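# What shape does this take:
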Amino acid sequence: MNGSNVDDLVDLLGRWASGRGPLYLLLTARLRALIDDGVLHPGEPLPPDRVLAGRLAVGRGTVVAAYDLLQQEGRVVRRQGSGTRVADWDLPATRAGDGIAANPLLLHILNPPDGVRLLTCAAPDDPPPQLAEAYQEAIGRLAGLRDLGYQPAGNPALREVLAAYYRDRGLPTTAEEIVVTTGAQQALTLLAGALIRPGDTVLTESPTYPGALEAFRHAAAAVRPVSMEPRALAASMRERPALVYTVPTARNPTGSIMDAATRRRLAALAGEHDVPLIDDEVCAELCFTGETPPPVAAYTTGEQVITVGSLSKLVWGGMRLGWIRAPVPLASRLARLRAVHDLGGEVMSQFAAVALLRRLDEIRRARVDTLRARHDHLCAELRAHLPSWTFEPALGGQTLWVRLPRGEAGSFSQVALRHGVAVPPGRSFDPLGGHAEYTRLHFLLPREELTRAVAELVRAWESYDGVRRPASRHTLIV
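Reported below is the predicted structural model:
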């Protein structure tokens, strides 16, 4: 499509306004889909605000708001004098084989480029020995089994083990409150489908997990950043958002851990305002102290707090096994929604998960010991070779949140690609496209690979900052 041809774009938009919710969000959702599907190509111009508004018979403010939201998401670029264009990620390493532009955070999954060290998707690629043993045990469960295997809420044995897991952590739970999912990403997608209507407001931390932002955006929500400081959150909750999303333990991307007093107040606020609060515990078992804090739901007897968990960070990225702990009415509703999607998850992985959860302590100890050592090594390498970059050491999880002293991480990430290392831009972790000066670095690689990754980042930074600030090029590394 010629981006300057407004008639072509109007045809592609189709019946964009036929859904429910504010027009600017419906227009944003349709344009987002066209960009993500590669129909609108990187660098392609979009019609001026007034022109598109006139052809769509809407106010100019509707188009301006849609364009602005897409700019905050990093999908379009708006410059005075040159108009609005689809964001240009058109580097060889950021293109899928079919020419569709890829979110830089998904390079690890969609099209891992040759010769590039990937610090984009933070998931372990070294499954523990217990995983193979768990699948051997799962095979044994097949003998004499007579079951269709269609279990939208999950395998009963796994649901009971997960309920016991929460009871052991001080949170009374029954199997009926558990819904097993294909990873935590599906859990968030199901919750978005059940709890959000187009135009609803969702409150999240910033920075936060970008997969959650995508799930909420695709539900046509207006996603707003908010501090989890209780006073600030209380003021925002009075506006009755559809839900609040938080990652209180080993937070992605900062690796921070919320204190008990704040957890207790969040639980109370969810009850006082009758607003669902999602506690994303995907990295909760990766605290460097070896102790896992109680989930937020443990601080309330109400039913507003929903907990999401997964084995993908603790065991292996390919272990697509997650779950939701929710009040029984919501859990039943989610199971019905899951049945519409795929009738339920693959059963063998659920059998294996039962065995893995019974060996949780030994798996956690080994994983945390490895992550702590790699975290310390990455911190030392950054301090030694990139001392102008700043960060707070993580208390758990798999990632550091690093601030560049100058420039913008999105443009630096493209320079880094040319030097053999892929890093995600900070804008991807913010609902409004903020934190442009930040990037996230994971420490899942072995020590020697982390050392090489930092060396590549040093060369990339010298190239990037040397072009922008020639006078300071030789003062960066001390």
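
# residues contacting the residue nearest to Gly74 when sequence neighbours are not counted?
When the adjacent residues along the chain are set aside, Gly74 lies closest to Arg427, with 5.0 Å between them (Cβ to Cβ, 6 or more residues apart in numbering). No exception for glycine: its C-beta is placed from N, CA and C like everyone else's. With contact set as Cβ atoms under 8 Å, 6 or more residues apart in numbering, Arg427 has these partners: 72, 74, 409-410, 433-436.

# what phi and what psi does the backbone show at Arg427?
Main-chain torsions, Arg427, degrees, to the nearest 10: phi -60, psi -30.

# do you know how far it is from Arg251?
Distance, Arg427 to Arg251, by Cβ to Cβ, to the nearest Å: 18 Å.

# picking up where we left off before, out of the contacts of Arg427, name the two that are farthest from one another.
Gln72 and Ala409 (15.2 Å; Cβ to Cβ).

# more crowded one of those two?
Shown here are Gln72 and Ala409; by other Cβ atoms under 10 Å, Ala409 has more neighbours (22 against 16).

# which secondary structure elements does the helix or strand encompassing Thr439 contact?
Using DSSP states H and E, Thr439 sits in strand 438-442. Packed against strand 438-442 by the contact rule (3 or more Cβ pairs under 8 Å, 6 or more residues apart in numbering; DSSP states H and E) you find strand 399-403, helix 409-418.

# which stretch in the ones you listed has the least confidence?
In terms of average pLDDT, helix 409-418 trails the rest of these, at a mean of 91.

# same question for the helix or strand following it, mean pLDDT?
Going down the chain from helix 409-418, the next helix or strand is strand 421-422, by DSSP H and E. Strand 421-422 shows a mean pLDDT of 92.

# who does strand 421-422 pair up with?
Strand 421-422 has the following strand partners under DSSP bridges: strand 117-118 (parallel).

# Need the per-residue pLDDT for the residue nearest to Gly74.
90.

# Ok, Pro112 next?
Predicted confidence (pLDDT) for Pro112: 64.

# same deal with Leu105?
Listed pLDDT for Leu105 reads 56.

# ok, now the one 10 residues further on?
The score at Gly115 is 78. That number is its pLDDT.

# ok, for it, nearest residue in space, not its chain neighbours?
Excluding its sequence neighbours, the residue lying closest to Gly115 (Cβ to Cβ, 6+ apart) is Gly420, at 6.1 Å.

# cool, Gly396 as well?
Closest to Gly396 by Cβ to Cβ, 6+ apart is Ala250, at 3.4 Å.

# The one you found contacts Leu395, correct?
Yes: with contacts counted by Cβ atoms under 8 Å, Ala250 reaches Leu395, the gap being 7.0 Å.

# Tell me which of those two has more neighbours.
Ala250 (27 against 17).

# Now for that one: which residues touch it?
256-257, 283-284, 286-287, 394-398.

# Is it inside a helix or a strand, and which specific one?
Under DSSP H and E, no helix or strand contains Ala250.

# so what pLDDT did it get?
If you check Ala250, the pLDDT there is 98.

# Domain ranges for the protein, per the record?
6-88, 104-125+363-475, 129-359 (automatic domain parsing).

# Please identify which helix or strand holds Asn279.
Rather than Asn, residue 279 is Asp. Judged by DSSP H and E, Asp279 forms part of strand 277-280.

# I'd like the next helix or strand past that strand.
Next along from strand 277-280, by DSSP H and E: strand 305-310.

# elements contacting the longest helix seen in the chain?
Counting by DSSP state H, the longest helix found in the chain is helix 360-385. For helix 360-385, the contact count by 3+ Cβ pairs under 8 Å, 6+ apart identifies strand 399-403, helix 447-468 as packing neighbours.

# Repeat the analysis, applying 10 Å as the threshold.
Identification of packing neighbours for helix 360-385 by 3 or more Cβ pairs under 10 Å, 6 or more residues apart in numbering; DSSP states H and E yields helix 129-141, helix 156-168, strand 390-391, strand 399-403, strand 438-442, helix 447-468.

# what does the second one rub up against?
The reference is to helix 156-168. Applying Cβ atoms under 10 Å, 6 or more residues apart in numbering, the contact partners of helix 156-168 are 141, 147, 151, 153-155, 171-180, 294-295, 297-298, 307, 309, 321, 323-325, 331, 345, 347, 349-358, 360.

# Ok, the third one next?
If you take Cβ under 10 Å, 6+ apart as the criterion, strand 390-391 is touched by 254-255, 378-379, 382-383, 400-405, 438-439, 441.

# again, 7 Å this time
Contacts with strand 390-391, where a contact means Cβ atoms under 7 Å, 6 or more residues apart in numbering, come from 382, 400-403.

# Report the contact partners of the closest residue to Leu266 other than its chain neighbours.
Nearest non-adjacent residue to Leu266, counting by Cβ to Cβ, 6+ apart: Val296, 5.7 Å away. Neighbouring residues of Val296 by Cβ under 7 Å, 6+ apart: 248, 263, 266-267, 277, 279, 305.

# I'd like the residues you listed laid out as JSON lines, including neighbour count and distance to Arg447.
JSON lines is the format used below for the contacts of Val296 (neighbours: other Cβ atoms under 10 Å; distance: Cβ to Cβ, whole Å):
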{"residue": "Pro248", "neighbour count": "21", "distance to Arg447": "29"}
{"residue": "Arg263", "neighbour count": "25", "distance to Arg447": "34"}
{"residue": "Leu266", "neighbour count": "26", "distance to Arg447": "37"}
{"residue": "Ala267", "neighbour count": "22", "distance to Arg447": "40"}
{"residue": "Leu277", "neighbour count": "26", "distance to Arg447": "38"}
{"residue": "Asp279", "neighbour count": "26", "distance to Arg447": "33"}
{"residue": "Val305", "neighbour count": "26", "distance to Arg447": "39"}
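
# Pick the one among the residues you listed closest to Arg372.
Nearest to Arg372 out of those is Pro248 (Cβ to Cβ; 19.8 Å).

# coming back round to it: can you give me the mean pLDDT across the longest helix of the chain?
According to the model, helix 360-385 has a mean pLDDT of 98.

# Check stretch 133-149 too.
Regarding stretch 133-149, the rounded mean pLDDT is 87.

# What residues sit buried inside it?
Within stretch 133-149, the residues scored as buried using 16 or more other Cβ atoms under 10 Å are 134-135, 137-138, 141.

# Which single one of these is nearest to Leu243?
Among the buried residues of stretch 133-149, Ala134 lies closest to Leu243 (Cβ to Cβ), at 33.4 Å.
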